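Kindly return the folded structure for what I paste below:
(4 chains)
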2 protein chains.
Amino acid sequence: MTAQARGLHARVLDSLGPAITAGEYPPGSVLRTDELAQRFEVSRSVMREVVRVLESMHLVASRRRVGVTVLPTEEWNVYDPQVIRWRLAGADRPRQLRSLTVLRSAVEPVAAGLAARNASAEQCAALTECALGMVATSRGRQLEGYLVHDIAFHRIVLDASGNEMFARLGDVVAEVLAGRTHHDVMFEDPDPAAVTLHVRVAEAVREGDAARAEALTREIAEGALRELDILAPPPATG
Amino acid sequence: MTAQARGLHARVLDSLGPAITAGEYPPGSVLRTDELAQRFEVSRSVMREVVRVLESMHLVASRRRVGVTVLPTEEWNVYDPQVIRWRLAGADRPRQLRSLTVLRSAVEPVAAGLAARNASAEQCAALTECALGMVATSRGRQLEGYLVHDIAFHRIVLDASGNEMFARLGDVVAEVLAGRTHHDVMFEDPDPAAVTLHVRVAEAVREGDAARAEALTREIAEGALRELDILAPPPATG
DNA sequence: TGTGGCGCAAAAGTCTGACTTTTTGAGCAC
DNA sequence: GTGCTCAAAAAGTCAGACTTTTGCGCCACA
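The predicted structure follows:
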């Protein structure tokens, strides 16, 4: 559906990248460019370009006379959208989802506060529309429709914050929300409390009430964390 | 000092990457691989690998029959440490520094709260040691010594949070703190209030008081933002 | 038996040239 | 003016030769 005829480079990268992030080649493993080229049935040029990209993501390091070494997790560029996608598609998806949700819980409240100061009239309108859309789809198993509005809502807040670093987390948030809806168990309609909170955040932003927008978004985030604790308890449970 | 004999690939990348992030080739500009190869006096293979890496950072997009197009800023992988370094070295350093400081102000308080729950005994000890080091170097123009302890302090907090995404921001924070000390005007000794706050954060973490660790770190962050507002006022000044 | 240096070979790095594929835009026919 | 065809442009792919770095084994020497 998405693509299979995207050029050799992309295909090999999308095969080798996930394999590495999934731990198929544990840190310290040594690969050889020539061998990989044979395995994937591509020329050395293509494989070299793939390795270079993986190297720029700090997934591997290439050294003469040694080969291509898989780096430990702490070295990886975990903010690279590609790496995030690969990891979310892999085995440690739950851990990844938790990390990202905690990140959201830190960033989004502050972003909402800034949005209350900086949002344009158009952004306020769009935000309200999203909130209303969430209300409209909050009952009767319309999870997909709800998801669309939810993603749009959070993306607008991050954009409206006026901070570039926040804005670029829009895709990450989208992935997390989509992941929650699609993969994890979510037979139920969304939490009514969360829906209300979104409406109130839209209000606060529209009124320029930064403190309230921040506090309300913090509540949303805490709700998301609680939900995650129930669905996928963290390693150390009291 | 750092390196000049790092292979052609790295040298070309470190030349072309900063040029793009600095806006020397405005978004929409079209480059041709062959032309670039000639300009930098390297073979097409090397230039192709460079372009592939820039493409993976979403700085450029390569299309057949068109060439290598520079992408708009909103597309860039602004969390890529390499991109951050390039941009901090370039012209829009002030804007970049502000974005990153705002990001810090969102992340670090939450990280400190988590650190209070999760920090090991060793981490608590190291944190206290850093705080004491900051006190010891806070007077008498020992800015470099202070910086070392400051960076170490924040890195430990981010690590101790136990969240991978937070931990990986250690380098970013280090860059920001170093930038503040080295580039921006900083004749004075560090703000005594900030020093005290660090000591108290270390205390709070040691005592496992998450709420206090978070609140105190928020104060530190707000101080950093105020300082930035004075040294480099934001675009829209009231 | 331990230690230091010499040299080999393995692997990445670089270069070159030929060929393929996609895509755009110009020119032509209708 | 609309639509089709086709040629050229640029990236993509491949194959092979050569260079450079560097880990490690081997041997001489202490």
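
Report the secondary structure element holding A:Ala61.
For A:Ala61, the enclosing helix or strand under DSSP states H and E is strand A:60-63.

Show me what from chain A comes close to DNA strand C.
For chain A, the residues in contact with DNA strand C (C-beta under 7 Å from any atom of the strand) are A:5, A:31-34, A:44-45, A:48, A:51, A:62-68. Placement of C-beta: from N, CA and C, glycine included.

which other residues reach the strand holding A:Ala61?
With contacts defined as C-beta atoms under 8 Å, 6 or more residues apart in numbering or on different chains, strand A:60-63 is touched by A:20, A:31, A:33, A:51-52, A:54-55, A:68-71.

again, but for stretch A:89-98
The contact list for stretch A:89-98, computed with C-beta under 8 Å, 6+ apart, reads A:18, A:21-23, A:84, A:87-88, A:176, A:179-180, A:183-184, A:228, A:232, A:234.

Show the buried residues in the contacts of strand A:60-63.
For these, a burial check counting by 16 or more other C-beta atoms under 10 Å in any protein chain shown picks out A:20, A:31, A:51-52, A:54-55, A:68-71.

Now render these as JSON lines, adding secondary structure and pLDDT.
Compiled in JSON lines, the buried ones among the contacts of strand A:60-63 are given as follows (DSSP: H, G, I helix; E, B strand; the rest coil; pLDDT from 0 to 100):
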{"residue": "A:Ile20", "secondary structure": "helix", "pLDDT": "98"}
{"residue": "A:Leu31", "secondary structure": "strand", "pLDDT": "98"}
{"residue": "A:Val51", "secondary structure": "helix", "pLDDT": "98"}
{"residue": "A:Arg52", "secondary structure": "helix", "pLDDT": "98"}
{"residue": "A:Leu54", "secondary structure": "helix", "pLDDT": "98"}
{"residue": "A:Glu55", "secondary structure": "helix", "pLDDT": "98"}
{"residue": "A:Val68", "secondary structure": "strand", "pLDDT": "98"}
{"residue": "A:Thr69", "secondary structure": "strand", "pLDDT": "98"}
{"residue": "A:Val70", "secondary structure": "strand", "pLDDT": "98"}
{"residue": "A:Leu71", "secondary structure": "coil", "pLDDT": "98"}
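
quick one: which of these is nearest to DNA strand C?
A:Val68 (4.8 Å; C-beta to the nearest atom of the strand).

Please tell me how far the closest residue to that closest one other than its chain neighbours sits from chain B.
Distance criterion C-beta to C-beta, 6 or more residues apart in numbering or on different chains; nearest residue to A:Val68, sequence neighbours excluded, is A:Leu31 at 4.4 Å. Separation of A:Leu31 from chain B (C-beta to the nearest C-beta, to the nearest Å) stands at 17 Å.

I'd say A:Leu31 and A:Leu71 touch.
No: assessed by C-beta atoms under 8 Å, A:Leu31 is found out of contact with A:Leu71, at 12.0 Å.

ok now do A:Arg44, which residues does it touch?
A:33-34, A:37.

mind showing which ranges of chain A have poor pLDDT?
Within chain A, the ranges that satisfy pLDDT under 70 run A:1-4, A:184-187, A:235-238.

center of it - which residue?
By C-alpha atoms, centre = their mean, chain A has its centre lying nearest to A:Val172, at 2.5 Å.

Go over the secondary structure and confirm that residue is in a helix.
Yes: secondary structure of A:Val172 (DSSP: H, G, I helix; E, B strand; the rest coil): part of a helix.

Now do it against A:Val83, distance only.
Distance, A:Val172 to A:Val83, using C-beta to C-beta, to the nearest Å: 11 Å.
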